[in-house]
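Visitor: quick check, what structure comes out for this input:
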Amino acid sequence: MDNGSSADHILIAIEEGGDIRVEALMNTMKSKIGYISPFSATSCIFRVPHFLRRNNPGPYGPDIVSIGPLHDRTGKQFELIENMKKSYLHDFLSRTNISLERLIYRTLELEKRTRDFYAEPLDVTEHDLIEMMIFDGCFLVELFLKFEGRWKHEERRGISDPIFNMKFMRDYLFHDLLVLENQLPWFILDYLYSLKRENEPVQSLKQLVLTVFTDHPPVAKNCKSYLNYLDSGSYYHDDDDDIGILHILDLIRTSIVFAGRFGFEPSFYDTSETPFMHPVTTLLKSGVKVQIGSGHESMMKIEFQNGVLSIPQVGIGELSESLFRNLIAFEQCCHSRSHEITSYVIFMDTLIRSSEDMDFLCEKKIIGNWGSIANSYQFFNKLRKNIRVTKFHYHILCAELDRYCTAEWEKPLISDLRREALLAKEEFRRHFLSNLLKIMYLVVCFIFVQ
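Guide: Now for the predicted structure:
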């Protein structure tokens, strides 16, 4: 009995001690859980996942300008533009005739919505975030106005502005503004852009940004085409309010994938599997004619009709590689954007399997090689590594190509079978007549003998 009482006493002591440890652990875990804000449904600006960036991290980070809170802007490479942001804020306040106090008050109202646009909790104080929103947002608005001013208002940019007087600046700026991790919510830019004087030209922010990017080779054709579409007045009324645009990278993606508005609807199956696809040299041997698509159409508008595969021109190089990688990363991370760019890259990869495939497409000017990329035929293959597609937008087109090739391959076989059938029929007829004559001869002989 004494032993039993001793055991019960030890058990009670352990349980009591355990309660203390559990309570302490609970308090620690609760404090950690309470620190992390829930993932927002509006999140659209992401850090690129490690599985995408591990082989080539370069395209996913800014080179000369840090926009937004995801990158440390104190680096030496950002020093020049950080100083220019101060000058551009001064230009913005002078142009709009708005007080800095009013600007801060209004921007404070956008803080919560801004935080929700980033997929990860921002370890940034309210003060620092508002300052960043104002400096970065005003810099971008003034930058686009000054870029566009090359044609309309030359006086808007001074000759001392290094952004316009250093030749290397343009490409680096365009690259950085299309980095997924380097985005600012579109609604911030839209608000700041709306603060213009009454006598200033009326042009949507969307049209302004697209006009500027027509000077960037990897997206120039698509931006021009989308601008023509917007200017035509055939778009939906809601488009005019820039409601659906998430950030600058999303606008450029929209300019690329909008081809459906011209009657082209990419057809897809809701599957992660892509259909079998033949490389271009095999297609040619199968009788498929491959030609460059219309110059004014989006690169997405790949068509196959009457044995002719039409592919709009696309350029490859370091600038376009960075663009493709960030667009793919955006589609892989953002639940509200389908996998159109990803589908395009997969289609082009299956089309180009060898240097012969690439040489033919370059000869036809379907591929424009803007740089001396080693093993350029592997350009699209490297882009598609570690990515998944839930809706392949060229599924039916690939199936039609496969059916056409199969039918072309079967034609000689069918012809041979038909020829063999005719020969067999002729042989049978000859043997039948010969045997019939022999039988008739025997019958006549038998009758004569009788």
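Visitor: got the domain boundaries for the chain?
Guide: Domains of the chain are assigned by automatic domain parsing as 50-243, 264-402.
Visitor: can I get those domains in JSON lines with distance to Ala41?
Guide: All C-beta atoms are positioned from the backbone trio N, CA, C, and that covers glycine. Below are these laid out as JSON lines (distance: least, Cβ to Cβ, whole Å):
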{"stretch": "domain 50-243", "distance to Ala41": "8"}
{"stretch": "domain 264-402", "distance to Ala41": "8"}
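Visitor: among the ones you listed, which comes closest to Asp19?
Guide: domain 50-243 (32.2 Å; Cβ to Cβ).
Visitor: for the stretch 151-300 of the chain, give me the ranges with low pLDDT.
Guide: Low-confidence regions of the stretch 151-300 of the chain, defined by pLDDT under 70, span residues 151-159, 197-201, 233-243, 259-275, 295-297.
Visitor: same check, this time on the stretch 351-450 of the chain
Guide: 370-375, 408-450.
Visitor: just the helices in it please.
Guide: All helices of the stretch 351-450 of the chain, identified by DSSP state H, counting those that start in this stretch, fall at 355-363, 379-383, 395-449.
Visitor: could you do the stretch 151-300 of the chain as well?
Guide: 162-165, 169-177, 186-194, 205-213, 220-231, 248-257, 280-285.
Visitor: I'd like the next helix or strand past the helix or strand encompassing Lys85.
Guide: Take DSSP states H and E as the rule and Lys85 turns out to sit in helix 79-96. Downstream of helix 79-96, the first helix or strand assigned by DSSP H and E is helix 100-108.
Visitor: could you dump the domains of the chain into TSV with distance to Val257 and mean neighbour count added?
Guide: Rendered in TSV, the data for the domains of the chain read as follows (distance: least, Cβ to Cβ, whole Å; neighbours: other Cβ atoms under 10 Å):
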stretch	distance to Val257	mean neighbour count
domain 50-243	9	17
domain 264-402	4	18
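Visitor: and the contacts of the helix holding Lys85?
Guide: Contact with helix 79-96 is made by 64-66, 73, 99-100, 103, 134-136, 138-139, 141-143, 145, 161-163, 192, 195-197, as judged by Cβ atoms under 8 Å, 6 or more residues apart in numbering.
Visitor: tell me the contacts of the residue nearest the centre of the chain?
Guide: Centroid-nearest residue in the chain: Leu327, 3.1 Å away (criterion: Cα atoms, centre = their mean). Going by Cβ under 8 Å, 6+ apart, Leu327 touches Leu249, Ile252, Arg253, Ile256, Ile341.
Visitor: filter these down to the buried ones and hand me the ChimeraX line.
Guide: Buried residues within the contacts of Leu327, by 16 or more other Cβ atoms under 10 Å, are selected in ChimeraX with:
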select :249,252,253,256,341
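Visitor: closest one of the contacts of Leu327 to Thr42?
Guide: Checking these against Thr42 by Cβ to Cβ gives Leu249 as the nearest, at 15.8 Å.
Visitor: contacts only, for Asn326.
Guide: If a contact means Cβ under 8 Å, 6+ apart, then Asn326 has Val48, Pro59, Tyr60, Leu178, Val179, Leu180, Leu249 as its contacts.
Visitor: redo these as JSON lines? Include distance to Lys301.
Guide: JSON lines is the format used below for those (distance: Cβ to Cβ, whole Å):
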{"residue": "Val48", "distance to Lys301": "28"}
{"residue": "Pro59", "distance to Lys301": "26"}
{"residue": "Tyr60", "distance to Lys301": "28"}
{"residue": "Leu178", "distance to Lys301": "22"}
{"residue": "Val179", "distance to Lys301": "27"}
{"residue": "Leu180", "distance to Lys301": "25"}
{"residue": "Leu249", "distance to Lys301": "21"}
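Visitor: which of those residues fall in strands?
Guide: Secondary structure defined by DSSP state E assigns none of those to strands.
Visitor: for those, which one is nearest Leu383?
Guide: Checking the contacts of Asn326 one by one against Leu383 (Cβ to Cβ), the nearest turns out to be Pro59, at 10.1 Å.
Visitor: which one is the closest one nearest to, not counting chain neighbours?
Guide: Once flanking residues are discounted, Pro59 sits nearest to Ser322: 3.8 Å by Cβ to Cβ, 6 or more residues apart in numbering.
Visitor: what's the helix or strand for the one you found?
Guide: Using DSSP H and E, Ser322 sits in helix 318-333.
Visitor: quick check: angle from that helix to helix 169-177?
Guide: On the basis of axes from the mean of the first three to the mean of the last three Cα atoms, to 10 degrees, helix 318-333 is oriented at 10 degrees to helix 169-177.
Visitor: average pLDDT for helix 318-333, rounded please.
Guide: Mean pLDDT, helix 318-333: 94.
Visitor: may I have that helix as CSV, with CA atoms only?
Guide: What follows is helix 318-333, C-alpha atoms only, in CSV (Å, rounded to 0.1, in the frame of the first residue of the first chain):
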residue,chain,number,x,y,z
GLU,A,318,19.3,38.4,-71.4
LEU,A,319,16.6,41.0,-71.1
SER,A,320,13.8,38.7,-72.3
GLU,A,321,15.1,35.9,-70.1
SER,A,322,14.6,38.0,-67.0
LEU,A,323,11.2,39.1,-68.2
PHE,A,324,10.1,35.5,-68.8
ARG,A,325,11.4,34.2,-65.5
ASN,A,326,9.6,36.9,-63.5
LEU,A,327,6.3,36.4,-65.4
ILE,A,328,6.5,32.7,-64.9
ALA,A,329,7.2,33.2,-61.2
PHE,A,330,4.2,35.5,-60.9
GLU,A,331,1.9,33.0,-62.6
GLN,A,332,3.3,30.2,-60.4
CYS,A,333,2.6,32.2,-57.2
